[in-house]
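In: structure for this input, please:
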Amino acid sequence: MTQQRANINSFATYLVGGAVRDALLGIADSDRDWVVVGATPDAMLQAGFTPVGKDFPVFLHPDSKEEYALARTERKSGTGYKGFTVYATPDVTLEEDLQRRDLTINAIARDTDGNLIDPWGGVRDLRDRVLRHVSPAFAEDPLRVLRVARFAARFADHNFSIADETWALMQAMSASGELEALVPERVWREFEKALQSDQAQVFISVLHDCGALATLLPEIDQLFGVPQPATWHPEVDTGLHTLMSLQQACRLSDNLSVRFAALMHDAGKALTPSEHWPQHIAHEHKGLPPIADACQRLKVPTECADLARLSSQYHTHCHQMKVLKPATVLKTLEGLDAFRRPQRLQKFLLVCEADARGRTGLEDQPYPQAELLWQCFVAADEVDVPTLLQQKPVPPGPDAGEKIRNMLHQARLGRVRETLARLRAEQ
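Out: Just a heads-up that it's a prediction; the model follows:
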């Protein structure tokens, strides 16, 4: 054990990336990543490290289990984010390793004595709140367009902006067609991380403004410039409303599926013929195919895809709860599969509230419709089959199941009708 420790400590190791950046910003609890200079894979193995890297040499520390990567450089050798040849030899310097990174704020290192190594001006850009690429090699990896947009969202509350020269590169990369080479899993992973930011709408806004959203999520990009009735949507533009709804979803919930559904809920409005603007008749159902296409293309998790689809289909039903017929209310609950998945109903109600509040000047308005629908569910869910059968037994037979289902439906409809009458009278 003593000899192993001596080998580990003999390596030139540096804390790099997010841990250094976030510590300088006063943000705690970042993952710690290390770069090792002058070592070989064999030397790491002899020191007790466990190899975990597939595309380049990364190892887990035998005790801390933190990641230690050999210093490396990369050269473009193909398309997409995987089109690189990696060099990880003992003569690669720390400065060369830092130069291959995306942004200057991610290209700062700290040695074991606590000294900062900052060859590319990351500390300055942290101070000035600027997201700036390290080198022209930034343009070789199209995934970096998404990463900059994600960092813009993550650090929106810290007032970061994108450097002009970096913005120009992102626009050129978006127009080049290289984004089409990105594999869906990596694109969704960036979306997933970004949607977990408190200002996730900034991610979508940056991608739209630089031209990347048209390739990555055209179903949403096409909403920008599509008008809605100013009476109900003072912001008018559907794309802007989508951003505002996502912002409200971030305020209301940290659940990924809620935020994704808020992003996708009005996708059908992009399919309205311009001669019908600003009305969007049946946009709820028109949105189902583009949502399905987007979710299939990006390999979106089933929970997120299902909530997005149902939110598109039923969100206007929830908005109309003050006047909706009892039969339609029950149909909505059944369509949402609320009686088997009450948690899904709760998430759906949050999406509807985010939609209602995602309008200029209405961001803090009450949304009593959600409570109306929830109370109708609670009342209808109290109906149970054993009690119904005690009151009115159903004899065995081939149609017994259908009769029981009809009895349950009618009993639930009665409870919904009673609940709506009572609650509407109280308003």
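In: check what pLDDT the most centrally placed residue in the chain gets.
Out: By C-alpha atoms, centre = their mean, the chain has its centre lying nearest to Leu195, at 2.7 Å. pLDDT, Leu195: 98.
In: so how far is stretch 304-316 off the chain centroid?
Out: On the basis of C-alpha atoms, centre = their mean, to the nearest Å, the separation between the geometric centre of stretch 304-316 and that of its chain is 16 Å.
In: for that stretch, C-alpha coordinates in PDB please.
Out: As requested, the backbone C-alpha atoms of stretch 304-316 are provided in PDB (Å, rounded to 0.1, in the frame of the first residue of the first chain):
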ATOM      1  CA  CYS A 304     -41.500  12.500 -21.000                       C
ATOM      2  CA  ALA A 305     -42.900  11.600 -24.300                       C
ATOM      3  CA  ASP A 306     -46.200  10.400 -22.800                       C
ATOM      4  CA  LEU A 307     -46.700  13.600 -20.700                       C
ATOM      5  CA  ALA A 308     -45.900  15.800 -23.700                       C
ATOM      6  CA  ARG A 309     -48.400  14.000 -25.900                       C
ATOM      7  CA  LEU A 310     -51.200  14.100 -23.300                       C
ATOM      8  CA  SER A 311     -50.500  17.700 -22.400                       C
ATOM      9  CA  SER A 312     -50.900  18.700 -26.100                       C
ATOM     10  CA  GLN A 313     -54.100  16.700 -26.400                       C
ATOM     11  CA  TYR A 314     -55.800  17.800 -23.200                       C
ATOM     12  CA  HIS A 315     -54.400  21.100 -21.900                       C
ATOM     13  CA  THR A 316     -57.200  23.200 -23.300                       C
END
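In: list the buried residues for that stretch?
Out: By neighbour count with 16 or more other C-beta atoms under 10 Å, stretch 304-316 contains the buried residues 304-315. C-beta: built from backbone N, CA, C; applies to glycine.
In: return the member of the residues you listed nearest to Ala411.
Out: Comparing these against Ala411 with C-beta to C-beta places Tyr314 closest, at 22.3 Å.
In: Leu213: which of the buried residues of stretch 304-316 is nearest?
Out: For these, the closest approach to Leu213 (C-beta to C-beta) belongs to Ala308, at 16.6 Å.
In: remind me which helix or strand the closest one belongs to.
Out: With the criterion set as DSSP states H and E, the secondary-structure element containing Ala308 is helix 302-319.
In: what ranges do the helices span in the stretch 301-427 of the chain?
Out: For the stretch 301-427 of the chain, the helices defined by DSSP state H, counting those that start in this stretch cover 302-319, 326-335, 342-357, 368-381, 385-391, 400-426.
In: the fourth one: how far from the chain's middle?
Out: Centroid separation between helix 368-381 and its chain, computed with C-alpha atoms, centre = their mean, is 28 Å.
In: the fifth one too?
Out: If you compare the mean C-alpha spot of helix 385-391 with that of the full chain, they lie 45 Å apart, counting by C-alpha atoms, centre = their mean.
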